[in-house]
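Visitor: give the three-dimensional model of this entry:
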Amino acid sequence: MDKIKHSDSPNSIIIEDVKESTIAVNVNGDVREIRNELAELKALLQNLKVQNVQYAEKIYNIEHINEANFGFVTGKKAFNELLAKELIEAIRPHSLAAQRFLNLVAATPGWESQPHISAKAKEVIAYSFVGVVGIQLSKLMAIGQEPLSDAKQRKYIGKCLDIARHCLSLMSAILLSRLWDDQKVQPRDFDETERMSLSAFFNNSFELSLLERLSFLQTLHCIFSKQENGLPTPLPEWPAFAPALKSGSTFHLACQTMARLDERLDKGQYSLLDCFEAEKQLAQFFRSLHFLANYRMASIRHIGYQEPRNTDARYLHRYSALGIDNKANVDAEKVNCTTETAQTEAVLLYRGDHYSDYINLSPFVIDYNALSFEHGAKICFYRSQAIDGDILEYLFLEDNSLVRLEMQGVLKSDTDLNELMMEKEKHKALNLDRVVEQFMDARRCLLGPFHATTP
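Guide: The predicted model follows:
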């Protein structure tokens, strides 16, 4: 965080109070009232030959304040106001609730600064975005409601960056899953740059940075866009999204700015202005990823089979509907009795109201609780390989804690599978082993046999 330093100028400028139309400014003990306008404040500082102004125990260089962040600095605009306004408008094409909300507030200028109205927009945003993204946005909105403090600023910037990272990882998991399925049917060769990028994902010992995740997504897009590869469009919305991956696009620039914010956060060099910048860039980010409001996620926990005498056969799916629904349920457990089946112990991404047509995101995204027969969902994204062995490390999105999966080898050639699955702990170990096996299979399929290197 920025250290408060006294200006070398003999004049001490402190903003003491901010009202709708005026600002009370203390100049060397003399309180003056000026209009609540940036031009007015700048004129005062220029007249006094001062660069810095103090407000709420923070000192700002007037050159770093512009019309976009002035209201945020002076408290006229609060956390999440810009984000709520941008996101509710971005998802309008995909959300009937967003359309209805915007129709209702069409005649209410500045509705985003009215808590009783903006709260409803935030609810709609949280339950409209796909699974884990909606939950993380809800957490960001909650941080914005906390009293102003240094901890709040750190958490807010960090959560904005987390959401961007998780979205990039989710997009990569979608393309990687599609690529793996197609590669098993029709093998294709990758050039050296593509192989290096795939290897950096599968064999990395460190978590990919935000820009490295963006680069990996760009590589996957290049693989899909090559006509000779004969790969289908990964998502219906992909052709419209693809230009955002080009260098210099608004999306690309937002990622670069957030990466710089990440460096500042790591060094503790953040301020209130950085909170506004993080919010602004995340809003820019979602202008390109608004279509994630078209999708849902489900964790398939168990599929049973029912065929009572003289009746049609049915499959009984027990699953968690991941994310927040319009009744504020989080990761609600549901049952679906259907003639269709689905891949088990998997996290599915699908469009619309049902997962009859889906993308299986596992083993890149897993529900650890479903695999270990625990209540509720525990969604984890693959992060890296452990340094101390061939162990997969997953990031639990709820608290950014690590989950490590190491091959136990419980299913041997002479093992009775029926007996093994009767024992809960062994059955759990089998489920986790299968995740590791799937990951290794994806790696072999895309990169060929893996040969560990020694230092």
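Visitor: tell me where the stretch 101-250 of the chain has helices.
Guide: 115-128, 131-144, 150-185, 192-202, 210-225, 238-241, 250-266 (DSSP state H, counting those that start in this stretch).
Visitor: any chance of these in JSON lines, plus mean neighbour count, distance to Ile366 and mean pLDDT?
Guide: For the C-beta atoms, the positions are set from N, CA and C on the backbone; glycine is no exception. Output for those, formatted as JSON lines (neighbours: other CB atoms under 10 Å; distance: least, CB to CB, whole Å; pLDDT from 0 to 100):
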{"stretch": "helix 115-128", "mean neighbour count": "20", "distance to Ile366": "23", "mean pLDDT": "96"}
{"stretch": "helix 131-144", "mean neighbour count": "22", "distance to Ile366": "12", "mean pLDDT": "96"}
{"stretch": "helix 150-185", "mean neighbour count": "20", "distance to Ile366": "10", "mean pLDDT": "96"}
{"stretch": "helix 192-202", "mean neighbour count": "15", "distance to Ile366": "16", "mean pLDDT": "95"}
{"stretch": "helix 210-225", "mean neighbour count": "19", "distance to Ile366": "18", "mean pLDDT": "97"}
{"stretch": "helix 238-241", "mean neighbour count": "14", "distance to Ile366": "24", "mean pLDDT": "96"}
{"stretch": "helix 250-266", "mean neighbour count": "17", "distance to Ile366": "25", "mean pLDDT": "96"}
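Visitor: can you tell which of those is closest to Arg383?
Guide: helix 150-185 (8.8 Å; CB to CB).
Visitor: helices or strands up against the closest one?
Guide: Counting contacts by 3 or more CB pairs under 8 Å, 6 or more residues apart in numbering; DSSP states H and E, helix 150-185 is packed against helix 131-144, helix 210-225, helix 250-266, helix 272-289, strand 358-360, strand 379-385, helix 424-447.
Visitor: 7 Å - rerun?
Guide: Of the remaining helices and strands, those touching helix 150-185 by 3 or more CB pairs under 7 Å, 6 or more residues apart in numbering; DSSP states H and E are helix 131-144, helix 210-225, helix 250-266, helix 272-289, strand 358-360, helix 424-447.
Visitor: circling back: would TSV of the helices of the stretch 101-250 of the chain with distance to Ala298 be doable?
Guide: Formatted as TSV, the helices of the stretch 101-250 of the chain follow (distance: least, CB to CB, whole Å):
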stretch	distance to Ala298
helix 115-128	15
helix 131-144	8
helix 150-185	14
helix 192-202	25
helix 210-225	23
helix 238-241	21
helix 250-266	28
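Visitor: closest to Ile13 out of those?
Guide: Of the helices of the stretch 101-250 of the chain, nearest to Ile13 by CB to CB is helix 150-185, at 22.2 Å.
Visitor: what's the closest non-adjacent residue to Gln114?
Guide: In this structure, Gln114 finds its nearest non-sequential neighbour in Thr108, 7.5 Å apart by CB to CB, 6 or more residues apart in numbering.
Visitor: same check, this time on Leu272
Guide: Closest to Leu272 by CB to CB, 6+ apart is Lys58, at 5.8 Å.
Visitor: likewise Gln136?
Guide: Per CB to CB, 6+ apart, closest to Gln136 is Ile163, 4.9 Å.
Visitor: residue contacts, the one you found?
Guide: Neighbouring residues of Ile163 by CB atoms under 7 Å, 6 or more residues apart in numbering: Val133, Gln136, Leu137, Leu140, Leu282.
Visitor: which among these gets closest to Thr233?
Guide: Using CB to CB, these come closest to Thr233 at Val133, 21.3 Å.
Visitor: surely that closest one and Asn294 touch.
Guide: No - in this structure Val133 lies outside contact range of Asn294 using CB atoms under 7 Å: 11.9 Å.
Visitor: and Val132, how far from Val124?
Guide: 17 Å (CB to CB, to the nearest Å).
Visitor: make that Arg213, sorry
Guide: 28 Å.
Visitor: do Gln306 as well
Guide: 37 Å.
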